[in-house]
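Turn this into a structure:
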Amino acid sequence: MSEKIFKTIGRHYIVEASSCDPEIIGSVEKVQQILVRAAEAAGAQVWAISFSRFPPNGVSGVVVISASHISTHTWPENGYAALDIYTCGSDVDPEKAVFYAVEAFGASTSHITEITRGIDEGDAAYFHSFVTWEENFRKSREAERRKERTNGL
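Below you'll find the model as predicted:
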């Protein structure tokens with residue numbers, strides 16, 4: 001039996017970040033800085049940046065990167081941030097951008113969907129596949145700190 005080799009064009013992450021720090025996700029400057037650093041953490045070159053406030057106190061923005069884009073829309077009053085990270089090619093690691101941004105937003109949990117885009121079986125009829133999961137952030141960091149304290153004794 002032969003294995004099929006699939007080529008893909010890109011990976012797209014849709015992220016729901018919950019219990020974020022309202023002070024962080026309500027600041028245009030902080031959100032912009034975090035997403036630029038997320039792009040850099042992923043190994044992408046930043047090409048353009050556009051962020052703004054929307055009523056009553058949310059932030060919307062996009063970082064155009066060498067491999068596509070990173071964007072967000074935040075609701076500080078709900079502690080919620082929606083992230084969209086799409087990269088093409090294999091030179092950038094979008095998952096690093098996801099984890100950097102969600103942790104920097106102070107989220108306790110996130111629901112992440114990874115969509116593999118532009119899958120080609122060699123017939124130029126492109127399709128996608130996806131997988132979804134949840135991540136706990138504060139709980140896992142607290143567990144790591146306890147473990148470090150225990151190992152340090």
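
remind me which residues of this structure are low pLDDT?
1-6, 138-153 (pLDDT under 70).

What ranges does it have for its helices?
If you assign secondary structure with DSSP state H, the helices in the chain sit at 22-25, 28-41, 94-104, 138-152.

check contacts around Gly58.
Each residue near Gly58 by Cβ atoms under 8 Å, 6 or more residues apart in numbering is listed here: Ile25, Gly26, His73, Thr74, Trp75, Pro76. Every residue, glycine included, has its C-beta placed from N, CA and C.

Repeat that for Gly79.
Under the criterion of Cβ under 8 Å, 6+ apart, the contact list for Gly79 reads Ser18, Ser19, Cys20, Asp21, Pro22, Ile25.

Can you name the residues bridging to the closest residue to Trp75 other than its chain neighbours?
Counting by Cβ to Cβ, 6 or more residues apart in numbering, the nearest residue to Trp75 once its immediate chain neighbours are dropped is Gly58, at 5.4 Å. Assessed by DSSP bridges, Gly58 has beta-bridge partners Phe54.

What separation is there between Gly58 and Ala104?
With distances defined as Cβ to Cβ, to the nearest Å, the gap from Gly58 to Ala104 amounts to 17 Å.

got it, and Ala97?
From Ala97 over to Ala104 (counting by Cβ to Cβ), the distance is 11 Å.

which neighbours do those two share?
Here Ala97 and Ala104 have Ala38 as joint contacts, going by Cβ under 8 Å, 6+ apart.

Pick out whichever of those two has more residues nearby.
It is Ala97, of Ala97 and Ala104, that has more neighbours when counted by other Cβ atoms under 10 Å, with 27 against 21.

Do I have it right that the more buried one meets Ala39?
Yes: in this structure, Ala97 is within contact of Ala39 by Cβ atoms under 8 Å, at 6.1 Å.

Quickly list what's touching both of the two.
With Cβ under 8 Å, 6+ apart as the test, Ala97 and Ala39 both reach Ile70.
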